[in-house]
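**Q** Just a sequence and a predicted model for now, questions to come.
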There are 2 protein chains.
Amino acid sequence: MSGIKPSSLAVDIRRVAAEAEVSIATVSRVLNNPDRVSPQTRERVLETATRLGYRPNPNGKRLRKGRAETIGLVIPSPPGRFADSFFLELLAGLGEGLSDAGLDLLVATCPPGSEELACYRRLVEGRRVEGLVVARTRRQDERITYLLEQNIPFVSHGRCDLITTPYPYLDVDGQQGFYIATQHLLHLGHRDIAFIGAPHELNFAAHRLAGYRQAMSEARIPIRPEWLLEGDLSEKSGYQLSQVLLEPPEFPSAILCANDLMALGVLRALRERGLKGGQEVSVIGYDDIPQAQYTDPPLSTVHQPFRDTGKRLVEMLLARLGGVAVSRLQEVWVPELVLRGSDGPPQT
Amino acid sequence: MSGIKPSSLAVDIRRVAAEAEVSIATVSRVLNNPDRVSPQTRERVLETATRLGYRPNPNGKRLRKGRAETIGLVIPSPPGRFADSFFLELLAGLGEGLSDAGLDLLVATCPPGSEELACYRRLVEGRRVEGLVVARTRRQDERITYLLEQNIPFVSHGRCDLITTPYPYLDVDGQQGFYIATQHLLHLGHRDIAFIGAPHELNFAAHRLAGYRQAMSEARIPIRPEWLLEGDLSEKSGYQLSQVLLEPPEFPSAILCANDLMALGVLRALRERGLKGGQEVSVIGYDDIPQAQYTDPPLSTVHQPFRDTGKRLVEMLLARLGGVAVSRLQEVWVPELVLRGSDGPPQT
DNA sequence: GCACACGATGTAAACGTTTTCCATAAACTA
DNA sequence: TAGTTTATGGAAAACGTTTACATCGTGTGC
């Protein structure tokens, strides 16, 4: 019951003050407002502080300042295995900027669904975080509305098209990304382009679909409804849906997938049928996950700079915490089409 | 500079006390030692607390209790892309148990190398966490020695063979895993089994290699040094190393890979050379990552229950925090060989 | 030489809890 | 009935900071 006793008592501000023969106020000032104390005492305090290895107790500080000094990220963790490298990359990007700013990163995981909002509530209403990053937005996202309602600083990775109240976001333009990708296929001569989309509640699903639609419509090519599918972003789902696509006597000459994982599934299905990806059927994914370079053929895809995104999200959140207006914290980045081996002209 | 003002003032313990017409001490007792207060006042306090939506300020509590109520995990984030789903799975497992225990999870990311220890120092000496989980241990792991020296509770995912001081760990027996896997190949009739290992500083690298060695030695088959390679766990590395393996006129009939990612690379190399994995060359990986089910052929591998591992790690850390002896917190799990399509009898 | 500002530091009051003491009252024991 | 335990709840002291305010020289302008 007693637990573990710390090896040595931690040194607190009093100790430093006593040792440096100043008041604790001065010690605090040296650390927080260095210019408000004379150079000689500042030096002396600084010296004793480092000598004693003084580290301000974060809880004392947080209590006094009324700040959590922590930002939160909740990661959905579906049952079963999930390898969404997206979140890991985002995490790496976030971590980089945060520790510099002296903020901690609190990560919560929760099964997607009804418990998700409860998880946000715990962080926000329990005052455990002073800001949040929300990722993988849905078209109508209860998390965003909740956070807006609570008036707590946050930044969103991705927009929510159905929410009109302004909020800070950083999005990568999925419509533009797939507009370019589709145009590329069209220029190669494709006309029979199928589309495997993402779950329609996800905001980016609509965007990527819109890009495809826009390019097709501009080229005056009608979209065949049976070639417009919706997957669940998993490799398996891409595999299964392409079975359907490849079944009829006439099948598409190109398949656009809303993410790379599904594209991987499509490539596997092609391989099984003895079809060469990039020759008999072109495939283009979205995200540029690490494996995309190593598929057979290497996957052409739309690159998302997840890590840079994470870094920028931190900057934006910091700005928001500093009081920068929401209107100045809305960014949309243009993604880049990276061509590898899985696309080519249609075979005649 | 002013930042954002909270929409409403948070309700504190005083407010609840006033409203319920008791002292703040009683309110605190109701929440922490419910049986030390009479049923009727307890009910009254509870009612007003929920009515007002009272949530104890974690920083007040932490300061008073001298506990961080937070455990830490530092994730190495090498520059460039890293898709180590391992950490994400672990995270999911950890998260599950932690929030139940009322503990927060602080995640830090840092580039591997010299900065890593500094990151641990920040968490420990800055009293930001009251316990840690360390993962992916090295044979001689400075993190472990540091934490032992600081006498701060932690649990390790994986052992450090070169550290003799006892410490709490949960490991999956890599030696046993690859012993079984190698035996399986031997029973199938293979004699020419190559091994692509992990970086030798990693602790599990030694174990997995030992399992392979043990089985080979028991079968009295000498190991050809040119078939004993070391990769860096990436898909690319597996691909490149298998180029070397497959080059000579006589090449191995089976390749054992210290992780699945490298096995994926081997499968790709095989495919490029028109060799069928599981027929011309058997391949067995380690980890059982999600993609393993979807490779061509599906990858036979040694399953690691990452999520369960994470859950158990939390239990162990909680026990450690509660004062359970280290000797009772050392577990080694036996992994399971899962056979899919990438292994088969050697071709004669 | 005097009022006054100013720079440097100390004093003390928060921040929101938990917990150790007490005080009271009620309920047993002898 | 006196004395002793027991249940209940209040008062107040922490926990380690930051910061508003007070203090005290010291130099400046006139």
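**A** Cool, the structure landed. Numbering: from 1, shown residues only, chains lettered A, B, ... in the order given.
**Q** Kindly calculate the angle that the lowest-mean-pLDDT helix or strand in chain A makes with helix B:85-100.
**A** Least confident helix or strand, chain A: helix A:85-100 with a mean of 89, by mean pLDDT, DSSP states H and E. Here helix A:85-100 runs at an angle of 70 degrees relative to helix B:85-100 (axes from the mean of the first three to the mean of the last three C-alpha atoms, to 10 degrees).
**Q** Is the next helix or strand after helix A:85-100 positioned near chain B?
**A** Of the helices and strands lying after helix A:85-100 in sequence (DSSP states H and E), the nearest is strand A:104-110. Yes. Legend: contact between strand A:104-110 and chain B by C-beta under 8 Å from any C-beta of the partner chain is shown at A:Asp104, A:Leu105, A:Leu106, A:Val107, A:Ala108, A:Thr109, A:Cys110. (C-beta placed from N, C-alpha, C; glycine too.)
**Q** Could you identify which of those residues has the most neighbours?
**A** A:Asp104 (26 neighbours; other C-beta atoms under 10 Å in any protein chain shown).
**Q** and it, what does it touch?
**A** Neighbouring residues of A:Asp104 by C-beta atoms under 8 Å, 6 or more residues apart in numbering or on different chains: A:Glu69, A:Thr70, A:Ile71, A:Leu98, B:Leu106, B:Ala108, B:Arg128.
**Q** Nearest to B:Val45 among these?
**A** Proximity of the contacts of A:Asp104 to B:Val45 (C-beta to C-beta) peaks at A:Thr70, which lies at 28.9 Å.
**Q** which residues does the closest one bridge with?
**A** According to DSSP bridges, A:Asp104 are recorded as the beta-bridge partners of A:Thr70.
**Q** pretty sure it contacts A:Leu105?
**A** Yes. Judged on C-beta atoms under 8 Å, A:Thr70 makes contact with A:Leu105 at a distance of 7.2 Å.
**Q** what residues are shared contacts of the two?
**A** Contacts common to A:Thr70 and A:Leu105, judged by C-beta under 8 Å, 6+ apart, are B:Leu106.
**Q** Neighbours of the residue nearest to A:Phe86 when sequence neighbours are not counted, how many?
**A** Using C-beta to C-beta, 6 or more residues apart in numbering or on different chains and skipping residues adjacent in sequence, the residue nearest A:Phe86 is A:Phe306, 6.0 Å away. Counted by other C-beta under 10 Å, the residues lying close to A:Phe306 total 24.
**Q** confidence score at A:Phe306?
**A** A:Phe306 carries a pLDDT score of 91 in this model.
**Q** Show the contacting residues for it.
**A** A:Phe86, A:Glu89, A:Leu90, A:Gly93.
**Q** can I get those residues in JSON lines with neighbour count?
**A** Converted to JSON lines, those look like this (neighbours: other C-beta atoms under 10 Å in any protein chain shown):
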{"residue": "A:Phe86", "neighbour count": "22"}
{"residue": "A:Glu89", "neighbour count": "24"}
{"residue": "A:Leu90", "neighbour count": "23"}
{"residue": "A:Gly93", "neighbour count": "24"}
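**Q** closest to A:Val266 among these?
**A** A:Phe86 (19.2 Å).
**Q** Over to A:Arg127: give its phi and psi.
**A** Main-chain dihedrals, A:Arg127, degrees, to the nearest 10: phi 50, psi 40.
**Q** Let me see the contact set for it.
**A** Neighbours of A:Arg127 in contact, by C-beta under 8 Å, 6+ apart: A:Ala68, B:Ala10, B:Arg55, B:Asn57, B:Pro58, B:Asn59.
**Q** Kindly reformat these as CSV and extend each row with distance to DNA strand C.
**A** Putting the contacts of A:Arg127 into CSV (distance: C-beta to the nearest atom of the strand, whole Å) gives the following:
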residue, distance to DNA strand C
A:Ala68, 12
B:Ala10, 6
B:Arg55, 7
B:Asn57, 3
B:Pro58, 9
B:Asn59, 7
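**Q** ok, and which of those reach DNA strand D?
**A** Among those, no residue lies close to DNA strand D (C-beta under 7 Å from any atom of the strand).
**Q** and the gap between A:Pro297 and B:Pro111?
**A** A:Pro297 sits 32 Å away from B:Pro111 when distances are taken as C-beta to C-beta, to the nearest Å.
**Q** who's in contact with A:Arg143?
**A** Applying C-beta under 8 Å, 6+ apart, the residues near A:Arg143 are A:Glu116, A:Leu117, A:Tyr120, A:Val134, A:Thr137.
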